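**Student:** with the sequence up front, the predicted model follows.
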Amino acid sequence: MRIDAYNQIHNIYGAKKPAKLDEKKPTTTSFKDQLMLSATAQDASTAKKAVLAAPDVREDLVASLKERIDNDTYEVDAEDFAGKLLEKYNGLF
């Protein structure tokens, strides 16, 4: 019979049942990720937060300058400006 032939072929090639996977038991210890920052990193983080919290524009100073420009009372000292310009230029090289 054909069924017998199938059984014989099955026995010859020795088909095996799939092996059971070892079930992993949950461990009793659990691990947590931690982040530890050095004192320098903590100081840098604090400084960064302070800078981000500060306004980009000093409104009181800008308002004062705008008022002086509008009233034609704002003057720039040419010698002082030239001196600072030269300092910056010399600092580049």
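**Tutor:** Happy to help now that I have it.
**Student:** pLDDT weak spots in this structure?
**Tutor:** Scanning the chain for pLDDT under 70 picks out the ranges 1-7, 9-28.
**Student:** could I get the full set of helices for it?
**Tutor:** Using DSSP state H, the helices found in the chain span residues 2-13, 39-53, 59-70, 78-92.
**Student:** can you redo these as a markdown table with distance to Thr29 and mean neighbour count?
**Tutor:** In short, each C-beta sits where N, CA and C put it, glycine included. Listed next are the helices of the chain as a markdown table, based on distance: least, C-beta to C-beta, whole Å; neighbours: other C-beta atoms under 10 Å:
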| stretch | distance to Thr29 | mean neighbour count |
| --- | --- | --- |
| helix 2-13 | 45 | 9 |
| helix 39-53 | 29 | 9 |
| helix 59-70 | 56 | 10 |
| helix 78-92 | 59 | 9 |
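**Student:** got JSON lines for those, with distance to Lys32 too?
**Tutor:** Listed next are the helices of the chain as JSON lines, based on distance: least, C-beta to C-beta, whole Å:
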{"stretch": "helix 2-13", "distance to Lys32": "51"}
{"stretch": "helix 39-53", "distance to Lys32": "20"}
{"stretch": "helix 59-70", "distance to Lys32": "46"}
{"stretch": "helix 78-92", "distance to Lys32": "50"}
